[in-house]
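Asker: give me the fold of what follows.
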Amino acid sequence: MRLIQISSGRGPAECELAAGKYLTVFLREHPASVIKEKYSGCYADCGRLTNECYKSVLLEIPGNEHVKLGTVKWICQSPFRPKHRRKNWFIDVSEIQNTARSQDTEINISDKSLIRFETFRSGGKGGQNINKVETGVRVIHVPTGIAVTSTTARTQFLNKKIAIDRLIQLLAAQNKDSRDLLEENKWLEHEKIVRGNAFAVFEGMDFKQIT
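Answerer: So this is what the prediction gives:
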């Protein structure tokens, strides 16, 4: 699956409305799309069109679908500021490079069937059991290969508990890092709008495509 973001960037309410109108076009052209997130506009002057205005929309699409990326131009007299001279409004359609895991594909830290345990003889401090019985424990998260070892306790039971707790902390940290990276990628694309060389141009409040 791929992540596509429709964004009005730092544009005014007119750009947010353009994002909402293009969302309708995108969903019609890509019916298999799933809306993951929608950030509504916060402009008080949007009036009855407020529900159609979006700062950005994040969609998930099948990996093999072709999607046009770049700038979309909307030519229209502002429905919010009738005397405004500007008539050209721009939004951005970009693919979010999800090098990290999305929330739906986070590392599973609760499924015990994904964890493998290994025991071994410990070395160093630990009492009479050291080097005689296998008190050391290695816990391995099979899907990722992340492994944690504990030899600090005197019993296998306690070392197993310590190792599991450490593994859960590591996996939880990786999930958070993944979410943070995804949010950063979304923000970077949200801020990047190239005004010009639009791959599609629409006109009027009926959002009729002219190129």
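
Asker: hey, let's count contacts and neighbours off CA atoms from now on
Answerer: OK.

Asker: partners of the host helix or strand of residue 119 in the sheet?
Answerer: Assigned by DSSP states H and E, residue 119 belongs to strand 115-120. Sheet pairing of strand 115-120 (DSSP bridges) gives strand 136-141 (antiparallel).

Asker: list of residues touching the partner strand?
Answerer: Identification of contacts with strand 136-141 by Cα atoms under 8 Å, 6 or more residues apart in numbering yields 114-122, 146-151, 155-156, 159-160, 163-164, 167.

Asker: switch to 7 Å and redo it
Answerer: For strand 136-141, the surrounding residues in contact (Cα atoms under 7 Å, 6 or more residues apart in numbering) are 114-122, 146-151, 156, 159-160, 163-164.

Asker: next: stretch 61-68.
Answerer: 1, 2, 3, 32, 33, 34.

Asker: ok, of these, which one's closest to residue 75?
Answerer: residue 33 (26.2 Å; Cα to Cα).

Asker: surely the closest one meets residue 57?
Answerer: No. Using Cα atoms under 7 Å, residue 33 is not in contact with residue 57; the gap is 11.7 Å.

Asker: please enumerate the strands of the chain.
Answerer: 2-7, 34-40, 54-61, 70-75, 88-96, 115-120, 136-141, 146-150, 200-203, 208-209 (DSSP state E).

Asker: can you redo these as JSON lines with distance to residue 171 and mean neighbour count?
Answerer: As requested, the strands of the chain are arranged in JSON lines below (distance: least, Cα to Cα, whole Å; neighbours: other Cα atoms under 10 Å):
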{"stretch": "strand 2-7", "distance to residue 171": "23", "mean neighbour count": "24"}
{"stretch": "strand 34-40", "distance to residue 171": "24", "mean neighbour count": "14"}
{"stretch": "strand 54-61", "distance to residue 171": "25", "mean neighbour count": "22"}
{"stretch": "strand 70-75", "distance to residue 171": "36", "mean neighbour count": "23"}
{"stretch": "strand 88-96", "distance to residue 171": "23", "mean neighbour count": "24"}
{"stretch": "strand 115-120", "distance to residue 171": "12", "mean neighbour count": "15"}
{"stretch": "strand 136-141", "distance to residue 171": "9", "mean neighbour count": "23"}
{"stretch": "strand 146-150", "distance to residue 171": "8", "mean neighbour count": "18"}
{"stretch": "strand 200-203", "distance to residue 171": "43", "mean neighbour count": "18"}
{"stretch": "strand 208-209", "distance to residue 171": "47", "mean neighbour count": "12"}
